[in-house]
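1. attaching a predicted model along with its sequence, questions to come.
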Amino acid sequence: MTDNATDIAVVGFAHAPHVPETFGTTNGVEMLVPCFQQLYADLGITKSDIDFWCSGSSDYLAGRAFSFISAIDAIGAVPPINESHVEMDAAWALYEAWVKLRSGQAETALVYGFGKSSAGTLRQVLTMQLDPYLVTPLWPDAWSIAGLQARAGLDAGRWTERDMAAVAAGEDGDVENLLGAPYVADPLRAHDVAPITDGAAAIVLATGDRARELCERPAWITGMAHRVDTPMLGARDLTVSPSTSAAAQAVTGGDTTFDIAELHAPFSHQQLILAEAIGLKNGTKVNPSGGALAGNPMFAAGLERIGFAAKAIMAGTANRALAHATSGPALQQNLVTVLDSEASR
């Protein structure tokens, strides 16, 4: 779905502070309310102006059944709302809201995601998404799975530990110093791994003229697609991401010239995989926000990549941006979004 039968734009973005631990409940209300209030104030609207709500979270992570229902306390009971939910990163909730707006059933939507990673042992919680018969009983944690992927790439000569350190260091970082750090899950060092982060994020979408009323410089969604690879880790080459390539091809048509790209890479080597899979050009600035290695709120980090990409367009520092979100083990599911300014689309 890449045609512009219905023009849809990101007009607002807010996120909670990226912190190692919060002291609120696991339903995210304490993190979400300030995000919603900021969006209302920035856009000059109230909750009554939102036609559709869609959220992304996980009951496994929250440790309680129907935590997303409890999170609706952040919205309020009046007026009654048209609401939906996905049990994964809220980038996929944004996809659902995008489809809702494209179908003409709504003019505005508010998408949000939240996760309190500190509530449990995240590395082990994520084991629950693996094959329940053959893999989960072995209890390989998230670092172990990522370590297998990183080692496969190193052994195949697709990247080096220096390449991984360069991703973590950024433009001005000390690569040599990072290479001297000890391993935490060979071949991963602490800087290769996204930090445990509590957080929440929210985005407002609007169609056509309504978007122009709410935002001086809307970030128009000109393409969005997601694809899935097999969850069976032994049945795919972990050093590449065919689903990312397919999703990117579907929305870019091969034109991968972007001012910025926000890639959801919870491990340093995964940024290398994603950049190659998408075919990013050398002139594209990757993860100017810091990416997931700077803050990785589960079930909101992918939505934040779309939010940060849109924010650059709304601020006038970019005209064309790409945002990526992932879910599942070792980049199993991938969503790619293209955003343009009014002038560039």
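-> Received, thanks. Residues are numbered from 1 along each chain as shown.

2. tell me the secondary structure for residue 204?
-> Here residue 204 is recorded as strand under DSSP: H, G, I helix; E, B strand; the rest coil.

3. residue 214 is in contact with that one, correct?
-> Yes: between residue 204 and residue 214 there is a contact under Cβ atoms under 8 Å: 7.5 Å. Every residue, glycine included, has its C-beta placed from N, CA and C.

4. please enumerate the shared neighbours of the two.
-> 11-12, 43 (Cβ atoms under 8 Å, 6 or more residues apart in numbering).

5. dump these to JSON lines, plus neighbour count.
-> Listed next are the shared contacts of residue 204 and residue 214 as JSON lines, based on neighbours: other Cβ atoms under 10 Å:
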{"residue": "11", "neighbour count": "26"}
{"residue": "12", "neighbour count": "26"}
{"residue": "43", "neighbour count": "17"}
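
6. residue contacts, residue 283?
-> Counting by Cβ under 8 Å, 6+ apart, residue 283 touches residue 257.

7. let's see 10 Å
-> Contacts for residue 283 (Cβ atoms under 10 Å, 6 or more residues apart in numbering) come out as 257-259.

8. go on, residue 272?
-> Taking Cβ under 10 Å, 6+ apart as the contact definition, residue 272 lies against 150, 153, 158-160, 163-164, 166-167, 239, 263, 265.

9. take the contacts of residue 283 and keep only those in helices.
-> Using DSSP state H, no member of the contacts of residue 283 falls within helices.

10. JSON lines for the residues you listed, including neighbour count and distance to residue 58?
-> Formatted as JSON lines, those follow (neighbours: other Cβ atoms under 10 Å; distance: Cβ to Cβ, whole Å):
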{"residue": "257", "neighbour count": "12", "distance to residue 58": "35"}
{"residue": "258", "neighbour count": "25", "distance to residue 58": "30"}
{"residue": "259", "neighbour count": "19", "distance to residue 58": "33"}
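
11. ok, those residues vs residue 104, which is closest?
-> Taking Cβ to Cβ as the measure, residue 104 lies nearest residue 258 of the contacts of residue 283, at 29.5 Å.

12. surely the closest one and residue 285 touch.
-> Yes: between residue 258 and residue 285 a contact is recorded at 8.6 Å, counting by Cβ atoms under 10 Å.

13. just to revisit the earlier point, among the shared contacts of residue 204 and residue 214, which are located in strands?
-> Applying DSSP state E to the shared contacts of residue 204 and residue 214, the entries found in strands are 11-12.

14. with just CA atoms, put the least confident helix or strand in the chain by mean pLDDT into PDB.
-> Sorting the helices and strands of the chain by mean pLDDT, DSSP states H and E puts helix 59-62 at the bottom, at a mean of 80. Output of helix 59-62 as PDB, limited to C-alpha atoms (Å, rounded to 0.1, in the frame of the first residue of the first chain):
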ATOM      1  CA  ASP A  59       1.100  -8.700  28.800                       C
ATOM      2  CA  TYR A  60       4.200 -10.900  29.100                       C
ATOM      3  CA  LEU A  61       6.300  -7.900  29.800                       C
ATOM      4  CA  ALA A  62       3.800  -6.300  32.100                       C
END
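
15. immediately after that helix, which helix or strand?
-> The C-terminal neighbour of helix 59-62 among helices and strands, as given by DSSP states H and E, is helix 67-71.

16. now what about that next one, what contacts it?
-> The contact list for helix 67-71 (Cβ under 10 Å, 6+ apart) reads 25-29, 31-32, 55-62, 64, 83-87, 93, 112-116, 200, 299.

17. mind listing which of the residues you listed are in helices?
-> Judged by DSSP H, helices contain the following of the contacts of helix 67-71: 29, 31-32, 59-62, 93.

18. tell me where the stretch 201-345 of the chain has strands.
-> In the stretch 201-345 of the chain, the strands defined using DSSP state E, counting those that start in this stretch lie at 219-228, 260-262, 285-286, 296-297, 320-327, 333-340.

19. all helices for the protein, in order.
-> For the chain, the helices defined by DSSP H cover 29-43, 59-62, 67-71, 90-102, 122-125, 142-155, 161-169, 175-179, 208-214, 242-252, 268-278, 301-315.

20. got the contact list for residue 13?
-> Going by Cβ under 10 Å, 6+ apart, residue 13 touches 35, 38-39, 42, 111, 201-204, 219, 303-304, 306-311, 314.

21. so who does the closest residue to residue 221 other than its chain neighbours touch?
-> Leaving out its chain neighbours, the residue that sits closest to residue 221 by Cβ to Cβ, 6 or more residues apart in numbering is residue 8, at 5.1 Å. Neighbour list for residue 8: 97-102, 107, 109, 205-208, 210-211, 218, 220-222, 224 [criterion: Cβ under 10 Å, 6+ apart].

22. circling back to that earlier point, format the strands of the stretch 201-345 of the chain as JSON lines; extra columns: distance to residue 142.
-> Formatted as JSON lines, the strands of the stretch 201-345 of the chain follow (distance: least, Cβ to Cβ, whole Å):
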{"stretch": "strand 219-228", "distance to residue 142": "19"}
{"stretch": "strand 260-262", "distance to residue 142": "21"}
{"stretch": "strand 285-286", "distance to residue 142": "22"}
{"stretch": "strand 296-297", "distance to residue 142": "11"}
{"stretch": "strand 320-327", "distance to residue 142": "12"}
{"stretch": "strand 333-340", "distance to residue 142": "15"}
